[in-house]
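Q: What follows is a predicted structure for the sequence shown.
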Amino acid sequence: MVVRRFGVDMDEAAQADPRAYASFAEFFTRALRSGVRNADPDPRALLMPADGRISQLGPIRSGRIFQAKGQSYTAAELLGDEAAAAAFADGWFATIYLSPRDYHRVHMPWTATLRETLHVPGRIFSVAPFAVQAIPRLFARNERLVCHFDTNFGPMCLVMVGAILVSGVETVWSGVEIPRYASRIVRKDWRGKGIVIERFAEMARFNYGSTVIVLLPRTGIALDSTLAAERPVRLGQRLGTWQRATPADTTC
């Protein structure tokens, strides 16, 4: 029923039989078969972190991120931290919507060291396109996990935005990161823990369709010019380019 309703391509799954999954959550966080997604071979390429569809992408203008026509929000609101947002005040963003049919694991655009996470409680509005167009500051209001990384081009942030029916986000370094009914921001300091996640490696997963937002600094980074709002994307394709990278420079 779910496979037919959402048009899920089970041929790409490591376990192709939907009846073999022990739970609904296990089905939606299913692994892919080896080789069905590959990283862009250019070592300078920053990678798309997930399958899905571009909601919006482009420059962060004076600290504001474009959501939809007539809608925007600040990087500080999204991150729950004015100081952390300063690093991205005139940088780049990419918002990727994962529908219920998509692969629900999020991978690293670039090799990076985990610095800090913030779990920000909030609403669980739908993040489907109709809601993004209608609900002001949606991504800055929904519950989310903010993940700060250090790379060899500077800071990078991935924000896992929760949504309706998303009961949790799990990370590869700590397991369940969004508990139920939380009422306050929870900040975790991972400095000095040596958590390095390689480019293209899995970093987290959603339990249902949702949205991941990537924030990047402006200096030395260029988003791929072929990307545009509403365009479908695949994990591993080029998101952007570090213009000063060499093959030996993709570690941090």
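A: Here it is on my side, so go on.
Q: Next one: the closest residue to Leu235 other than its chain neighbours from Glu82, what distance?
A: Distance criterion C-beta to C-beta, 6 or more residues apart in numbering; nearest residue to Leu235, sequence neighbours excluded, is Arg37 at 4.6 Å. Bear in mind the C-beta positions are built from the backbone N, C-alpha and C, glycine included. The spacing between Arg37 and Glu82, counted by C-beta to C-beta, to the nearest Å, is 36 Å.
Q: Between the two, which has more neighbouring residues?
A: Using other C-beta atoms under 10 Å as the criterion, Arg37 and Glu82 rank with Arg37 on top: 18 against 12.
Q: these two touch, right, the more buried one and Glu202?
A: No. Using C-beta atoms under 8 Å, Arg37 makes no contact with Glu202, being 11.0 Å away.
Q: remind me which residues of the protein are low pLDDT?
A: The chain contains residues with pLDDT under 70 at 1-7, 10, 165-167, 179-182, 208-209, 245-252.
Q: got a list of what the residue nearest to Leu235 touches?
A: Residues near Arg37 by C-beta atoms under 8 Å, 6 or more residues apart in numbering: 51, 103, 234-236.
Q: All the helices of the stretch 1-150 of the chain, in order from the start?
A: Taking DSSP state H, counting those that start in this stretch to define them, one finds helices in the stretch 1-150 of the chain at 2-6, 24-28, 75-79, 82-85, 129-134, 138-141.
Q: Now tell me what touches the fifth one from outside.
A: The set of residues that contact helix 129-134 without belonging to it, under C-beta under 8 Å, 6+ apart, is 55, 67-69, 71, 97, 125, 138, 230.
Q: Which one of those residues is nearest to Ile213?
A: Ser55 (8.7 Å; C-beta to C-beta).
Q: Next, count neighbours for the closest one.
A: Neighbours of Ser55 under the rule other C-beta under 10 Å: 21.
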